[in-house]
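> Output the structure for:
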Amino acid sequence: MRSRSERAPRPRVHIRVIEKIRIRGYRKFRDLVVVPTPAVNILVGDNESGKSTVIEAIGLAMTGRVNGRPAQDELNPYWFNQDIVRDFFRARANGQDAALPTISIEVFLADEDDVQRLKGAHNSDVPTRACPGMELAVEPDPECANEIDTYLDSETSLLPVEYYQVIWRSFADTIMTARPHCLTTALIDSRTIRSTSGIDFHLRQMLSDHLEPKEKAKISVAFRTVKEKMTADHLADVNERMSGIEGALDGHKMSLAMDQTWRSSWDASVSRHVADVPFGLAGLGQQVAVKIALAMRRNADAVRVVMIEEPENHLSHTSLNKLVSEFTSLRGDSQQLFATTHSSFVLNRLGLDSLLLISEGAVSRFEDIDESTVKYFRKLPGYDTLRLVLADRVVLVEGASDEIVFERLYRDKYSKRPIDDGIDVISMRGLALGRCLELAMRLDKRCAAIRDNDGQDPSDLRVGLESYLDGTRRELFVGDVRGGRTLEPQLVSANGEEALARVLGLTERASVPTWMKNNKTEAAIQVADSKEALAAPPYLEKAIEFIHP
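Just a heads-up that it's a prediction; the model follows:
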């Protein structure tokens, strides 16, 4: 019998929860619109691009809380987009009338029956339309206008957030005080092993799923009886001694008793164990896997939106493979997943059509990537797709030796490495060139693809790739057949055997082309380390000029 991770996934019709997110004036973003997919959304981007900010903003708008606390309690001047803040203070310094910076985070929901009370036209859509949704806004408190003016008259560059208010409202323009029960969310931050919905949330969910009301009542009575007995049996002597305490107690005795209020209810004293070890003492990778699995359980579909920060953290490759394989089988049809990642493995396995690329304050979606290409990279999860996604410019080469030689030739021409110009030289390692070029086209990357002619006319090697090549953003470079079938004879043709023999340290009797063919990587390293510059074969010279900024 095949394991769950090996079974073919069932076709699903996913019920979208969030249709759109709009973030204005919050942290990195002046005005960002995110249109997620119904099922899985993988947020990628450079460091500090704002991936985590998007996750945090969704949680704010859907729960009114951040870091487990009400938004009003966590409000600080650095929530506001600093470019907008600088523009505001610059305008004031120039005597201009400028509106105080504000924050607005809107979550537009699918028009389902269970969220109709959130439906209204109080949103930023143009033209205005009635739809369910929620907004968390941070605005100056009108009642503090005088205090704000006085504060701003002093020399400062920070906003007076003490005079701001957090307003959490539905699109029906009703003030919200608690998250709607039908929109349960879970945020799992594997970087710090923290869940803003809390371990308590998952524990309560487990207790709710596996205990009947009568069982809960029976446990509660037993727990209260135990505490009552502890008061009578173990605190009696202490209370006897305390009965003689004198003071301003109006003749009343002071005593101790086990807490019987809701603050010490039985479920607060229950802890989860993994393999008979308390959950908090389990390995970090184990905690990540358990929390994600609990948040995405299918048998209740209780959590509608699951947000995961970097699921690859603390997990070995084997454990990550198992966890990612479980995503599809665990996720409910009415669950929507948002995950940030720095792992190409996670991106490839969950699907390139789930990619949301965050760059320069904007989000790009790639749901129109051909389905066969998505499946292709799923079967090759080890390929470093994120390098291609995140690079400014890309050079695709066939193997390690081509990568090494290209970098050396580029350095000889421009006195710096390609990466210094934002150019990433990536080995395709046997991947189909067309798949890589399609991905580059969808990402609108400037891309130079370089390959051997293998004895074929270069024009014949363009067949089937024409739709990806435009000569401006993407182009294929292949050596003339007369220069040799592969890189090594092309280098010999461009420089002569004598020059290559000196660079490689070969004796006169050695055949330079044969030695280079039999020692591709070693030859490339010798070329890279050589103090003597070599001439680039014409096709590589053109590729270098094409990709150079």
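> which sections of the stretch 301-450 of the chain are below the confidence cut-off?
301-302, 314-319, 322-323, 325-333 (pLDDT under 70).
> residue ranges of the strands in it, please?
305-309, 336-340, 355-359, 362-365, 393-397, 423-427, 446-451 (DSSP state E, counting those that start in this stretch).
> try the stretch 101-250 of the chain
Counting by DSSP E, counting those that start in this stretch, the strands of the stretch 101-250 of the chain are 103-109, 119-120, 131-140, 164-170, 185-189, 194-195.
> Out of those, which is closest to residue 153?
Ranking these by proximity to residue 153 (CB to CB) places strand 131-140 first, at 15.3 Å. (C-beta placed from N, C-alpha, C; glycine too.)
> Taking strand 393-397 as reference, get the angle to the host helix or strand of residue 477.
Assigned by DSSP states H and E, residue 477 belongs to strand 474-478. Orientation of strand 474-478 against strand 393-397 (axes from the mean of the first three to the mean of the last three CA atoms, to 10 degrees) gives an angle of 30 degrees.
> Tell me which strands strand 474-478 pairs with, and in which orientation.
Taking DSSP bridges as the criterion, strand 474-478 forms sheet pairs with strand 446-451 (parallel).
> what's the spacing between the strand it pairs with and its chain's center?
28 Å (CA atoms, centre = their mean, to the nearest Å).
> could you check the angle strand 423-427 makes with it?
Using the same axes, to 10 degrees: strand 446-451 against strand 423-427 is 30 degrees.
> Need the three-state assignment for residue 58.
Look at residue 58: counting by DSSP: H, G, I helix; E, B strand; the rest coil, its state is helix.
> what's the neighbour count on it?
23 (other CB atoms under 10 Å).
> Tell me who's in contact with it.
With contacts defined as CB atoms under 8 Å, 6 or more residues apart in numbering, residue 58 is in contact with 18, 21, 107, 185, 305, 307, 338.
> Leaving out chain neighbours, which residue sits closest to the fourth one?
Taking CB to CB, 6 or more residues apart in numbering as the measure, residue 185 lies nearest to residue 305, with 4.5 Å between them; neighbours along the chain are not counted.
> returning to what we had before: report the mean confidence score over the strand holding residue 477.
Per-residue pLDDT over strand 474-478 has a mean of 97.
> C-alpha coordinates for it, CSV please?
Coordinates of each C-alpha in strand 474-478 appear next as CSV, following Å, rounded to 0.1, in the frame of the first residue of the first chain:
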residue,chain,number,x,y,z
ARG,A,474,15.8,36.9,-23.8
GLU,A,475,18.2,35.5,-26.3
LEU,A,476,19.9,32.2,-27.1
PHE,A,477,23.6,32.1,-27.8
VAL,A,478,25.2,29.1,-29.5
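> orientation of whichever helix or strand comes after it relative to strand 446-451 in degrees?
Counting by DSSP H and E, the element after strand 474-478 in chain order, helix or strand, is helix 487-495. If you take the same axes, to 10 degrees, helix 487-495 sits at 100 degrees to strand 446-451.
> Next, residue 44: phi, psi?
The phi/psi pair for residue 44 (degrees, to the nearest 10) reads phi -130, psi 160.
> which ones are touching it?
51, 340-342, 347, 355-358, 386, 389-390.
> Is it possible to get TSV of these that adds distance to residue 460?
Formatted as TSV, the contacts of residue 44 follow (distance: CB to CB, whole Å):
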residue	distance to residue 460
51	43
340	43
341	39
342	40
347	33
355	33
356	38
357	34
358	40
386	33
389	30
390	33
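> Among the contacts of residue 58, which one sits closest to residue 157?
residue 21 (29.3 Å).
> wait, doesn't that closest one sit right on residue 104?
No - counting by CB atoms under 8 Å, residue 21 sits too far from residue 104 to count as a contact (11.2 Å).
> Check the spacing between residue 215 and residue 229 real quick.
The spacing between residue 215 and residue 229, counted by CB to CB, to the nearest Å, is 21 Å.
> Residue 21 now?
53 Å.
> How about residue 169?
Separation of residue 169 from residue 229 (CB to CB) stands at 49 Å.
> who has more neighbours, the two?
Per other CB under 10 Å, whichever of residue 169 and residue 229 has more neighbours is residue 169, with 18 against 11.
> Just list the residues touching the closest residue to that one other than its chain neighbours, thanks.
Of all residues not flanking residue 169 in the chain, residue 175 sits nearest, at 5.4 Å (CB to CB, 6+ apart). Neighbouring residues of residue 175 by CB under 8 Å, 6+ apart: 167-169.
> ok, now how distant is the nearest residue to residue 419 once chain neighbours are set aside from residue 408?
The shortest distance from residue 419 to any non-neighbouring residue, by CB to CB, 6+ apart, is to residue 425 (7.9 Å). The gap separating residue 425 from residue 408 is 11 Å, by CB to CB.
> of these two, who's got more company?
residue 425 (24 against 20).
> okay but that one is in contact with residue 409, surely?
No - using CB under 8 Å as the test, residue 425 is too far from residue 409 to be in contact (10.7 Å).
> just for the stretch 151-300 of the chain, where's the confidence low?
In the stretch 151-300 of the chain (pLDDT under 70), the answer is 190-211, 244-252, 260-300.
> how about 90 then?
Applying pLDDT under 90 to the stretch 151-300 of the chain flags the ranges 152-158, 177-300.
> Show me where it has its helices.
For the stretch 151-300 of the chain, the helices defined by DSSP state H, counting those that start in this stretch occupy 198-210, 213-234, 236-242, 284-295.
> returning to what we had before: of the contacts of residue 44, which is the nearest to residue 544?
So of these, ranked by how close each gets to residue 544 (CB to CB), first place is residue 390, at 21.7 Å.
> ok, that closest one - contacts?
Counted by CB under 8 Å, 6+ apart, residue 390 has contacts 44-46.
> Please apply the same query to residue 412.
533-534, 536.
> buried subset of the residues you listed?
534, 536 (16 or more other CB atoms under 10 Å).
> Including distance to residue 429 and pLDDT, could the contacts of residue 412 go into a markdown table?
Below are the contacts of residue 412 laid out as a markdown table (distance: CB to CB, whole Å; pLDDT from 0 to 100):
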| residue | distance to residue 429 | pLDDT |
| --- | --- | --- |
| 533 | 28 | 89 |
| 534 | 25 | 91 |
| 536 | 23 | 95 |
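> ok, the contacts of residue 412 vs residue 524, which is closest?
Of the contacts of residue 412, the one sitting nearest to residue 524 (CB to CB) turns out to be residue 534, at 11.5 Å.
> roughly how far apart are the residue lying closest to that closest one once chain neighbours are set aside and residue 540?
Nearest non-adjacent residue to residue 534, counting by CB to CB, 6+ apart: residue 495, 5.1 Å away. Distance from residue 495 to residue 540, counting by CB to CB: 12 Å.
> Just want to know which of those two has more residues nearby.
residue 540 (25 against 20).
> Could I get the contacting residues of that one?
So residue 540 contacts 405-406, 409, 450, 477, 479, 490 (CB under 8 Å, 6+ apart).
> ok, now residue 137?
102-105, 166-169.
> mind giving me TSV with these and columns for distance to residue 419?
Output for these, formatted as TSV (distance: CB to CB, whole Å):
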residue	distance to residue 419
102	40
103	37
104	39
105	36
166	43
167	46
168	45
169	48
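> ok, and the most crowded of those residues?
residue 105 (27 neighbours).
> Do I have it right that that one meets residue 63?
No - with contact defined as CB under 8 Å, residue 105 does not reach residue 63; the gap is 11.3 Å.
> So what sits opposite the residue nearest to residue 176 when sequence neighbours are not counted in the bridge?
Spatial nearest neighbour of residue 176, chain neighbours left out: residue 168 (4.7 Å); criterion: CB to CB, 6+ apart. For residue 168, the beta-bridge partners are residue 136 (DSSP bridges).
> Could you do residue 305 as well?
Bridge pairing for residue 305 - DSSP bridges - gives residue 185, residue 336.
> now residue 30: how far from residue 546?
34 Å.
> Settle it for me: which of those two has more neighbours?
Between residue 30 and residue 546, counted using other CB under 10 Å, the more crowded position is residue 546 (18 against 13).
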